[in-house]
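In: build me a model from this:
(chains A and B)
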Amino acid sequence: EPEVTQTPSHQVTQMGQEVILRCVPISNHLYFYWYRQILGQKVEFLVSFYNNEISEKSEIFDDQFSVERPDGSNFTLKIRSTKLEDSAMYFCAGRASYNSPLHFGNGTRLTVT
Amino acid sequence: SQELEQSPQSLIVQEGKNLTINCTSSKTLYGLYWYKQKYGEGLIFLMMLQKGGEEKSHEKITAKLDEKKQQSSLHITASQPSHAGIYLCGAGRRAGGTSYGKLTFGQGTILTVHP
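Out: Have a look, this model is predicted:
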């Protein structure tokens, strides 16, 4: 069964550095999302992406964050200047249509030191 | 904004026992998702409920949506150690019949099944 694939599984970075988290969605997915989960907290929505543009973003998704799908397959989340509080598990998700199930990847654990 | 409260927060059962996890919303539920998560891993999709009164089953897991109570329940029959994990409910928003992927999640219910 096809899966949403995320790389790397774990990323350690120093505060102030840029990181790029990568996701390969399932091929028939048209809607893409990033969520995050800070340790011990709820899974929270960051951003949704459709037709090569952001359709919605949360207040967490400030100017330090950006998303793109440069080659029609990989979907990336960039954090320009990481902060300690960005440490979390980041999940990519996708769906084929607006009312079909949301499928998540296994996540990238980001640790900012 | 919508809040989802899950109960219980944790549950320890003996293998073979039935159990129920509830998810209560502070606002009207339009679409409700159930996921299972193993610690430190991704969310595995279990079921999606889109209409009041809807009930779905997959293997030994049944989920129901009660729109009037703004609540969903997840029931596991004859639990097994493989059912252990964190169960999360997530609610979507619907307008004009369209469901969006911006989900609000509950805090999760940790299920332990002793053999």
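
In: what about the host helix or strand of residue B:32, average pLDDT?
Out: Secondary structure assignment for residue B:32, by DSSP states H and E: strand B:31-37. On average, the pLDDT along strand B:31-37 is 92.

In: try stretch A:65-72
Out: On average, stretch A:65-72 scores 89.

In: do it and chain B meet?
Out: No. Contact between stretch A:65-72 and chain B is absent, the nearest approach being 13.6 Å (criterion: C-beta under 8 Å from any C-beta of the partner chain). All C-beta spots, glycine's among them, are computed from the backbone N, C-alpha and C.

In: what sits closest to the residue nearest the centre of chain A if chain neighbours are left out?
Out: For chain A, the residue nearest the mean C-alpha position is residue A:34 (3.3 Å; C-alpha atoms, centre = their mean). Spatial nearest neighbour of residue A:34, chain neighbours left out: residue A:46 (4.3 Å); criterion: C-beta to C-beta, 6 or more residues apart in numbering or on different chains.

In: could you do residue B:67 as well?
Out: Using C-beta to C-beta, 6+ apart, the nearest residue to residue B:67 is residue B:52, at 3.1 Å.

In: residue contacts, the one you found?
Out: B:65-68 (C-beta atoms under 8 Å, 6 or more residues apart in numbering or on different chains).

In: just say helix, strand or coil for it.
Out: Secondary structure assignment for residue B:52 (DSSP: H, G, I helix; E, B strand; the rest coil): coil.

In: so what's residue B:45 up against?
Out: A:101-104, B:33, B:35.

In: parallel or antiparallel, list what pairs with the helix or strand containing it.
Out: Here residue B:45, judged by DSSP H and E, is contained in strand B:43-49. When pairing is defined by DSSP bridges, strand B:43-49 lines up against strand B:31-37 (antiparallel).

In: residues in contact with the partner strand?
Out: Contacts of strand B:31-37 (C-beta under 8 Å, 6+ apart): A:99, A:101-102, A:104, B:23, B:25, B:43-50, B:63, B:65, B:72, B:74, B:85-94, B:99, B:103, B:108.

In: separate out the buried members of those.
Out: A:99, A:101-102, A:104, B:23, B:25, B:43, B:45-50, B:63, B:65, B:72, B:74, B:85-94, B:99, B:103, B:108 (16 or more other C-beta atoms under 10 Å in any protein chain shown).

In: near chain B, which residues of chain A? Just list them.
Out: Near chain B, when you scan chain A using C-beta under 8 Å from any C-beta, you find A:4, A:6, A:31, A:33, A:35, A:42-45, A:48, A:56, A:58, A:89, A:91, A:93, A:95, A:98-99, A:101-107, A:109.

In: again, only this time at 6 Å
Out: Contact residues (C-beta under 6 Å from any C-beta of the partner chain) of chain A with chain B: A:31, A:33, A:42-43, A:45, A:48, A:56, A:95, A:98-99, A:101-107.

In: among those residues, name the ones in strands.
Out: A:31, A:33, A:43, A:45, A:48, A:56, A:95, A:103-104 (DSSP state E).

In: farthest pair in those?
Out: A:56 and A:103 (18.4 Å; C-beta to C-beta).

In: those two: which is more packed in?
Out: Per other C-beta atoms under 10 Å in any protein chain shown, whichever of residue A:56 and residue A:103 has more neighbours is residue A:103, with 22 against 16.

In: mind pulling up the pLDDT for that one?
Out: Taking residue A:103 on its own, its pLDDT is 92.

In: show me the contacts for it.
Out: A:4, A:94, B:45 (C-beta atoms under 6 Å, 6 or more residues apart in numbering or on different chains).

In: residues in contact with residue B:13?
Out: Contacts of residue B:13 (C-beta under 6 Å, 6+ apart): B:19, B:79, B:113.
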